[in-house]
Structures are given as structure tokens and as C-alpha cells.
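1. pasting the sequence and the predicted coordinates here, then a few questions.
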Amino acid sequence: MPKKPLEGLRVADFSWYGAGPIAGNTLSQFGAEVIRVESETRPDGLRRVHPFAMNPDGTFKTGYNVSGYFNNFNTGKLSIQLNLNVPKGQEVAYRLIEKCDVFLTNFTPRVIDKWNLRYEQISAVNPRIIAAYAPMQGLTGPHRDFLGFGAVLTPVTGISHMSGFPHRPPIGVGTNYPDYVINPGHTVTAILAALRYRNRTGKGQLIELPQIESVVNALGTAVVEYLVNGENPSRMGNRSLNASPHGAFRCADDPESVGSVDRWVVIACRDDREWAAAATALGHPEAAADPRFATFEARKANEDELEALIGSWVRDRKAEDVAAALQAAGVPAGVVQNAQDLLERDEHMRARGYYQYVEHPEAGREAHDGPAFRLSATPGSVPGPAPLLGEHTMEVCERIIGLSMDEVADLLAEGVLV
Amino acid sequence: MPDRALDGVRVIEFADETAAYCGRLLADLGAEVIKVEPPGGGRLRRARPFVRGHEGDPNASLAFWVHNTSKKSVVLDLETDEGRTLARKLALTADIVLEDCPVGYLAERGLGFDTLHAEKPSLVYTSVTGFGQDGPHAHWAYSDIVGQAMGGIMTLAGEPADPPNMIYGRQADISASIQAAQGTLMALLYAEATGEGQRVDVSAQEALSMAQETAMQTWDFQKRNRTRTGELGMLPIPLPATGVAKCKDGYVSLYILAPAGKDLPALVDWMREKGMQGPLDDEPYRTIVNQLNMAWLTQLMSNPAAAGEILQHLPVITKTILEFFATMSAREAYEEGQRRQLLIGIVSTPKDIAENAQLRARDWFVRIESPIGGTVEFPGPPYRLSETPAVISRPPRLGEHTDEILASLR
């Protein structure tokens, strides 16, 4: 087994839902020991929502440990149950933080205050701690306690206003989008930068990642257009300022695509050469010379017609064939894939082995997102299944925190480890 | 000047659209990022939108700016022997090489991982492309929308009657770059500890895949594809106090059935204070309002038939709630709703974000020099590090540092 790059790093993961736990998951996939602090008094909501694993008889499994949503974001972590609403629980939290390199949370400052987990409190316990706080809106300011998750950030940060078709209201993008890559990815980036600083100076630090700031930073040019040009841009569907055609075109239905038989291909022509190649590859070289479409300016001026024309070329063809023909001509194109495609039908994903499968004691065999970046000498991997709620309470208390069996028994009896 | 987390780290970047944001994250954290550009610059230098009145000026593309703050720029022509020789010399001064060229392009020019790593074993070499370095699609042509389509997120966005929706803001490129930044820093820490460099390989398609949310597991467990459902997202049917609500001057998005906030009765309390509760205090609505929460919703998703006769009463509840929000401004709905711990998000336009009370109170926006003169306001960094803050300085003019950097190679 090659070494993982973060071996020896210990993370106290006091986060929940998506953005926080995914940051912990990335660290876990690359070798860190990540301890998820949970409580049955307030379990992670993702433990309680679909998709649940199924029994052989077609019914859903039940309980806190069978949600694929939770399990995918918590691979290989240890789970300790700890009631942070009582002072003794907070003392145990301090003793855990003392033994960790990284502290991670995405609760609002209101909850952090209630649990006495502010930076000045935990850094007094462990001055070397790298403490990452990733609340919605930041630790200060008039909106600091505003609640939310990815689906609330999507409208607040401008993604909803800027995405989708102009004739529709701002319906969002169908998911809690910023929870999955932007916010956990920025969080881990900051933690790794802080680790480098600590390696060189011995000093820990406070990382504040207000999710709203993290997302707006990664939102293209829209806000800069306002700040610099005084313009207030709006959504333009799948079109682009820099490419035409640029969009999704309906192909022949695929009855084997369960629950979503409509199939679409995306095409992006960034210059006249790509457009001419696309028209030729789709069997219509005459369209490349058509003055309505010959230049970028002409295609933008006649974009409705252009899109209708391409739509008529591909409507009865198999999406995979259209994409392959365009790719053979060097034109960026691809099928709008669903999860079935990605898990089972995309030969490229399969060849690269992106998805990894592990056996979970309650959910059974599960697919997991593998590492989203590959390190040739020190690769990450899915380290194991997600923990059952409280599965490692005793182990964490004894091996990591160093409590005696008697102390653990007392804490259990007093309702602290719940 | 504060301490910088990536002080002393040199990055040589051969990147255009897909890896540039990774380089920017490293540069803002204090690395010296030298961007090697072709004569005339790459696609982003020519990408709209531009500073108004400066269309076509390679130093005035806002798309270039947002991906390239805090870097230096060197122009080298990799199609000439001289350019390749200089690029190679320069790359060997680096701790990190960052690139998003077509697979094989740099190797053909003597700048591939194997060659450079053989000469400098501690080198971290990060490649960010549409489909990664190997596999049957490694050589496929890529553009952001292709990554969004192939990565599985477009199929989840949009109205069923429309084509699937792309997410604004080059999100496949951004995701690939953010994944690359993490991998690059892990590899850098490892190289600094052991002297051993390595290849970091990022595929934009894979970089986005996590953002399919539950679609992957829904297929894995239940052999069912999630598809685009407009504003419903994961909800099986339209439910009161979820989705877009029109206000007097804009929109808010409601997620009041979701956990972590207060449930529907708290919204009805607010409506009652304004005399707008309509029939919701009367049966059967009163009972239903108390019943609609996350636990009920999970039950509904396991067994849609269990909702039974509640469903016929939901439209009246929804209509009453939408009428309430139509009486106020979006900002009032957002701020007062959030004060009451109701999960409500305002639908911000770019102007709204620039004027956002929270961002302004926290002094988030920064002022940087404009590459074409004067200063401009600019979005701040994604995070605040207390000891080693990210500092955003202006993007470089095309070839601005060519003489300085090449002189240092002699």
C-alpha cells in the first residue's frame, strides 16, 4: 500500500450536513484520522433522508445508518456520540481537540457560542490547532446567524439569478450545489495552506470560511461586471458570450435510461473552425458556408434559427453517436449524462475507476465518490464505510482522548455520551 | 505585509481556462505564480465580458481577471525551439508546474511530467483537463459545458419542459481547479516532507461528480435516475413554503420544510401578525400545517400513498403563503424570515451582491489596481486565515514580467 499524504493528521470534525463533512471526507480519503462528533439528541439530518439502502424484498432499510447521502460524505471516519449541550460534554470536546491537529465546523456562530467552541476557547486548549469555521455568512456581521445550506446559498450568492433560461423564474439548479465542491474544496485548500504555515512556524490559526464569500468568489464575472462596468447581468440559459452554438440539443429517446428517457447532447463551438467542423461532422457542410451562420457575430445574431437547425439534425439520432461524431472532428461535445450513465455506461469513468465500492455493515455494498484528484505517488482512496452513529464512542474516548474505562462509564451513565 | 502561507513557493503555470483558478488560489495565498502565455494570450484573454470600452484588449477581459489575480505573466512561444528551451529552464525553477493543455501537448515539447520530474524529483506537476490523463476520452475536446453535461449535474437542473440547464460561471472549470488546489497542496506538503514530487491528475468530469448530490446513490441503491424537476429539487411533489416566491421587487427561495430551521407553524405565526394567515388557523389546514415537517416528508418519499388526502389541501396552503410573500420586499422577506429562523434565501442579482449588507459590514470587497489603469473594486477571497491571509492583487498585463523573469534565467 502506498503511503497516504495526510497520515498522522488528526481531525476533530464537528460539522454536519454537506459542506463540512465533505471537507472531512477529503482529508479522510488522503489518510487523515477524522473523528465525527455527533449526537443522537440532534443527529445529522443527512442520516435521516433518502436515498436509503433497500432490503431484498424491495422495502427501504431504516435507521440512522442506511442513507447513501450521509454515508458518501463520511467514509472511514470515526463517530463519537457527544452531547455538547451539557458542560461535561464540552469538557470532553476540549480534551478531544487537545489531541487533534484540525478542528472543523460549519455551525452558525450562535451554536458555536452555545457550545463554547469559539476560537479563543479551543486555541487556549490547543494553541497549535488549525480551526476551520465555515458558517453560512461568517462569524461576524448583521447576518452572522442566518441559517441555510447549499440550496439557500444558491439564490443568495447569485447562482439562481444567473443560471437557467431567461423566460423562467430563478428556480435554482436542482441541488444544494455549493455544498459539494466549492465550499468543502475551499475549506480544505485553506486547511492545507495553514498546515504548511504550521510546519514552518509551529503556529496554528483561525480559518474563517463564510460560505457566501466562498461562493461569490467562484461565481464568474457577474459581480465584477457590476463593480467595474455598472452592469447588472442576468441569466441566458445555456448560451455563452464566447461560443455559438453553445447549448443542449435533444436527441432520440433512450428507453433504457430509467426514469429519464429524454437524451441530450451539448455542443460548444468556440470559433468558426469548430462550427464548420461541427456542421460537416453532422452531415451539413453547406450550413458552415451559410452567411446566416458563417461568423460568430452572425451566429449570435441568428442563434434561435441556428439552434432550431441543429436540433432538427440530431433529434432522431442517438446522443452518444452525435457526441462521438463531433469529438472525432475535434468539437467539444458530450452527452448530458445521468447517474446510471456515470456509474454503469460511461466507459471512460469505468476505465479510470472513479467510483469505489465498499461494504457497509447495515447499508450493504455501496458506491462512493472516489478521490476527485489523483496523486501518482500517494493516492487517496475510499478508506472504508461511513461509521454507524456512535460506533467509535468508546474507542475515541479511550484510545484518542485517554479517558479511563471508569470515566467513560460515568459519562455514559450521566448521559454525556449520547 | 502579513506572513503568507505559500511564501517561497514558485508555480510555473501553463494554463488557460481550466486550471487558472487553481493558480489564482495559490497566488492569492502567497505563492509566486508565473503564468506562461502564448503570444497574444490564450482564450481567456479574448473572452467576453471586457471592461466597457476596451473590448478585445487582452488586458481588459474580466473573465481573465477573475481567474488570474496576483500572478506574473511571461510570454513564450512553445512552437519555437527558443521558447521551449526557456520554458523548460523556467519550469525547472518551480516547486509546482500547473497546466491544462491537451493531453500530451507539453510532453511533445519537452515539458512533460516524466522529463521534468526525472530532472527535478521534488517537482509537483498538476494537470487539469476535461477528462484526465488516461482512459478512452482522455483526448476528447473539452469546454466547460461538456464537463457539466458529462459530470452529471446538468441533468439535474432545469424545468422538465426545457433543455437541461448549465450552471453559470464556468463551474466545471472552477470545480476542477478547486480539486486541483487541494491535490497540489497535499503533494507540496508531501514533497516538502520527503523530497518526493509527483503527478496530480484532475479530470473536470470527475471533479464535478460529487455535485450530483444524491443522484449517484439513488441509482446505486434504488436503480432510479434523478432528473430535472424545476424548483422541486429532491422533493417528490410541490409542497407549501418550498421553492420560489415572488415578492414586490424580486424573488426569495423558500426551504421551510427542510431541517435546521423552524417549521411551518413559525411562518404562520408571522403571517398571523400581519393578519394574513387566511384559512390556515382553521381545519383541516391547521392540522396539516403542524404535520408538514422533515419526518413527514421522509415518510412521503418512502411511500407517496401515505400522504393520502392531505395532498388535496396543499394548494390552498401554498396559495396563502405566496400571497403573504407578495406583499413585502424580497429583502424584508429574507431578513425578517431569517430573524425568525425560517429557511429563506433572497434571489440576489449581481448588484444585490455588491450591495449586500453582510458583505459590506464585513468589508469583504477589496480594491485592486486595474491592469488598464486606475483601481477597481473586486470580490474578496473565499476564506480568511488569521495569520496568513489571502491577499488579492491585480492580474498581470500580457507579458508584463517577460523581461524580468527571462533575465533571471540567464
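-> Nice, I can see it.

2. ok, the nearest residue to B:Met234 once chain neighbours are set aside - contacts?
-> Leaving aside its chain neighbours, B:Met234 sits nearest to B:Thr214 (6.6 Å; criterion: C-beta to C-beta, 6 or more residues apart in numbering or on different chains). C-betas here are computed from N, CA, C, even on glycine. B:Thr214 is in contact with A:50-51, A:68-69, B:226, B:234, counting by C-beta atoms under 8 Å, 6 or more residues apart in numbering or on different chains.

3. can you name the residues of the stretch 301-418 of chain A sitting close to chain B?
-> Contact residues (C-beta under 8 Å from any C-beta of the partner chain) of the stretch 301-418 of chain A with chain B: A:326-327, A:330-344, A:346-349, A:351-352, A:354-355, A:363, A:366-367, A:369-370, A:372-378.

4. can you turn the buried part of those into a PyMOL selection?
-> Selecting only the buried entries of these in PyMOL, with 16 or more other C-beta atoms under 10 Å in any protein chain shown as the criterion:
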select buried, chain A and resi 326+327+331+332+333+334+335+336+337+338+339+340+341+342+343+346+348+349+352+354+355+363+366+367+369+370+372+373+374+375+376+377+378
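
5. near chain A at all, stretch B:5-25?
-> Yes. Using C-beta under 8 Å from any C-beta, we find that stretch B:5-25 touches chain A at B:5-6, B:21, B:25.

6. chain A: which of the residues you listed is nearest?
-> Chain A lies nearest to B:Ala5 out of the residues of stretch B:5-25 next to chain A, by C-beta to the nearest C-beta, at 3.7 Å.

7. residues touching the closest one, list them.
-> B:Ala5 is in contact with A:193-194, A:196-197, B:29-30, B:385, B:388, counting by C-beta under 8 Å, 6+ apart.

8. for it, give me the pLDDT.
-> B:Ala5 carries a pLDDT value of 98.

9. what does A:Pro2 give?
-> At A:Pro2, pLDDT is 66.

10. next: B:Gly308.
-> So, for B:Gly308, pLDDT stands at 77.

11. assumed it was part of a helix.
-> Yes. Assessed with DSSP: H, G, I helix; E, B strand; the rest coil, B:Gly308 lies in a helix.

12. give me the neighbour count for it.
-> 8 (other C-beta atoms under 10 Å in any protein chain shown).

13. return the residues in contact with the nearest residue to A:Ile401 once chain neighbours are set aside.
-> Excluding its sequence neighbours, the residue lying closest to A:Ile401 (C-beta to C-beta, 6+ apart) is A:Arg95, at 4.9 Å. Going by C-beta under 8 Å, 6+ apart, A:Arg95 touches A:401-403.

14. relative to A:Gly76, which of these is nearest.
-> In terms of C-beta to C-beta, no member of those lies closer to A:Gly76 than A:Ile401, at 19.4 Å.

15. leaving out the residues flanking it, which one is nearest to the residue of the stretch 51-200 of chain A found nearest chain B?
-> With C-beta to the nearest C-beta, the shortest gap between the stretch 51-200 of chain A and chain B falls at A:Gly68, namely 2.9 Å. Counting by C-beta to C-beta, 6+ apart, A:Gly68 lies nearest to B:Gln217, which is 2.9 Å off, once chain neighbours are set aside.

16. ok, A:Ala298 next?
-> Leaving aside its sequence neighbours, A:Ala298 sits nearest to A:Arg292 (C-beta to C-beta, 6+ apart; 5.9 Å).

17. now swap in A:Pro387 and tell me
-> Nearest to A:Pro387 is A:Ser79, by C-beta to C-beta, 6+ apart, at 3.6 Å.

18. helix, strand, or coil at that neighbour?
-> Applying three-state DSSP: A:Ser79 is strand.

19. list the buried ones in the biggest helix by length in chain B?
-> In chain B, with assignment by DSSP state H, the single longest helix is helix B:171-194. By neighbour count on 16+ other C-beta under 10 Å, the buried set for helix B:171-194 is B:171-192.

20. and chain A, which of the residues you listed contact it?
-> Near chain A, by the rule C-beta under 8 Å from any C-beta, you find B:171, B:174-175, B:178-183, B:185-190, B:192 out of those.

21. closest one of these to B:Ala245?
-> For those, the residue nearest B:Ala245 by C-beta to C-beta is B:Gln171; the value is 25.6 Å.

22. just checking, that closest one touches B:Leu208?
-> Yes. Between B:Gln171 and B:Leu208 there is a contact under C-beta atoms under 8 Å: 7.2 Å.

23. now list whatever residues contact both of the two.
-> B:148, B:153.

24. the residue nearest to A:Ala298: neighbour count?
-> There are 13 residues near A:Arg292, going by other C-beta under 10 Å.

25. residues in contact with it?
-> Here A:Arg292 is in contact with A:298-299, A:302, A:305-306 (criterion: C-beta under 8 Å, 6+ apart).

26. can you do 10 Å?
-> A:Arg292 makes contact with A:298-299, A:301-302, A:305-306, A:309 under the criterion C-beta atoms under 10 Å, 6 or more residues apart in numbering or on different chains.

27. A helix includes A:Gly283, no?
-> No. Applying three-state DSSP, one finds A:Gly283 to be coil, outside a helix.

28. what's the burial count for the nearest residue to it once chain neighbours are set aside?
-> Nearest residue to A:Gly283, sequence neighbours excluded (C-beta to C-beta, 6+ apart): A:Trp313, at 7.1 Å. Look at A:Trp313: counted by other C-beta under 10 Å, it has 17 neighbours.

29. repeat for A:Pro255
-> A:Pro255, neighbours per other C-beta under 10 Å, totals 7.

30. how near is it to chain B?
-> As for A:Pro255, its distance to chain B is 13 Å (criterion: C-beta to the nearest C-beta, to the nearest Å).

31. ok, A:Gly247 next?
-> Per C-beta to the nearest C-beta, A:Gly247 is found 7 Å from chain B.

32. residues near that residue, how many?
-> The burial count for A:Gly247: 24, using other C-beta under 10 Å.

33. tell me where chain A has strands.
-> Along chain A, the segments classed as strands by DSSP state E run A:10-13, A:33-38, A:78-81, A:102-105, A:130-133, A:205-208, A:246-250, A:264-268, A:333-335, A:355-360, A:364-369, A:374-375.

34. can stretch A:189-202 be said to contact chain B?
-> Yes. Stretch A:189-202 comes into contact with chain B (C-beta under 10 Å from any C-beta of the partner chain), by way of A:189-201.

35. those residues, buried ones only, as a PyMOL selection?
-> Buried members of those, defined by 16+ other C-beta under 10 Å, are picked up in PyMOL with:
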select buried, chain A and resi 189+190+191+192+193+194+195+196+197+198
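
36. having no further points to raise, I will conclude here.
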